[in-house]
Structures are given as C-alpha cells and as structure tokens.
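Visitor: Sequence and predicted structure are below.
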Amino acid sequence: VENRPKYYGREFHGMISREEADQLLSVAEGSYLIRESQRQPGTYTLALRFGNQTRNFRLYYDGKHFVGEKRFESIHDLVTDGLITLYIETKAAEYIAKMTINPIYEHIGYTTLNRENVFQNLFSIPHTVIVKLSTL
C-alpha cells in the first residue's frame, strides 16, 4: 500500500471509503482495519466491526496509538481494549446500572473472585485483522 505510515502494518488499507471498509469488515464480527480519511487526507480512521455494524474512530499516534485518552503500544492492544469496552457497554450496562441503584448486599464480609477466569472470558472476545494482500 502506498503512503503507509511506518507505525501501521498490514491492517492499513490506504485511502478507501467508509463503504469499502464496511464491505471488507462485514465478513467477521470483531474485524478491523485502518484507512486514510478521504475527507481529511493525512488523518487515519480505525474501522471496527461490532454489533453487526462498522464503527469508525479517528485514530491518533504520538508514539502510542489512541482514539481517546487511553494510549496503547499497538493497534492490536487498542482494538482489544475497545472490543472489551464495547462488549461491556452493550451487554452489561443495564446490569451495572441496576447494581449501583439497588445493591444486593449492604455489607460483604468476604468475597472470592477467580480473577483468572474473569480475564480469560474478557480477552476471549474474538477479533480479526483485515489485511491488505499485495497482488503480484
């Protein structure tokens, strides 16, 4: 791909439209790619498939990758965190809101939580990098 920034890998697809990105990402939930914006050349967009729709986020880089305040060493880490956040917001938001309004327990003396299982479940959310293959 021409004009690929040095900090992006095979997930970079160059200047493609939102529609092209949506078509490429429609093959798998959790898939993602990076494209250069057609409206603002020189800026980059992370296109991420979640909830059967493609979401587009302005992507920034200052030595680390970010779309908000949180910064990541790699695009993969940013996407993993984003998928976990989107999953929690869509699947658990109502439950979490109920917990804060109507707590089940007034006082918890001792609670055991198997953190390893919690993290395994969170990080098992599948995601796929859509890569641009060069043609010979």
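Guide: Structure's in. What do you need? Numbers count the residues shown, from 1 in each chain.
Visitor: Only C-alpha atoms from now on, for both contacts and neighbour counts.
Guide: Noted.
Visitor: mind checking which helix or strand the one residue sitting closest to the centre of the chain is in?
Guide: Averaging the C-alpha coordinates of the chain gives a centre point, and the residue nearest to it by Cα atoms, centre = their mean is V79 (3.1 Å). For V79, the element it lies in under DSSP states H and E is helix 75-91.
Visitor: Quick check: what element follows that helix along the chain?
Guide: Next in line after helix 75-91, if elements are assigned by DSSP H and E, sits helix 93-101.
Visitor: Show the average pLDDT along that next one.
Guide: The average of the pLDDT scores along helix 93-101 is 75.
Visitor: Helix 93-101 and the helix holding V79, what's the angle between them?
Guide: Using axes from the mean of the first three to the mean of the last three Cα atoms, to 10 degrees, the direction of helix 75-91 lies 70 degrees away from that of helix 93-101.
Visitor: pLDDT-wise, which helix or strand of this structure ranks last?
Guide: For the chain, scoring each helix and strand by mean pLDDT, DSSP states H and E identifies helix 115-123 as the least confident one, at a mean of 52.
Visitor: who does the longest strand belonging to the chain pair up with?
Guide: Using DSSP state E, we find that the single longest strand of the chain is strand 53-61. Sheet pairing for strand 53-61, assigned by DSSP bridges, gives strand 44-50 (antiparallel), strand 65-66 (antiparallel).
Visitor: which one of these is the most hemmed in?
Guide: Mean neighbour count, computed with mean count of other Cα atoms under 10 Å, is highest for strand 44-50 among the strands paired with strand 53-61, reaching a mean of 23.
Visitor: Pull it out as PDB, backbone CA atoms only.
Guide: Listed in PDB are the C-alpha atoms of strand 44-50, where the atom choice follows Å, rounded to 0.1, in the frame of the first residue of the first chain:
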ATOM      1  CA  TYR A  44      -6.500   8.000   9.800                       C
ATOM      2  CA  THR A  45      -9.600   6.100  10.800                       C
ATOM      3  CA  LEU A  46      -9.900   2.800  12.700                       C
ATOM      4  CA  ALA A  47     -12.900   0.900  11.300                       C
ATOM      5  CA  LEU A  48     -14.100  -1.700  13.700                       C
ATOM      6  CA  ARG A  49     -16.900  -4.300  13.300                       C
ATOM      7  CA  PHE A  50     -19.100  -4.700  16.400                       C
END
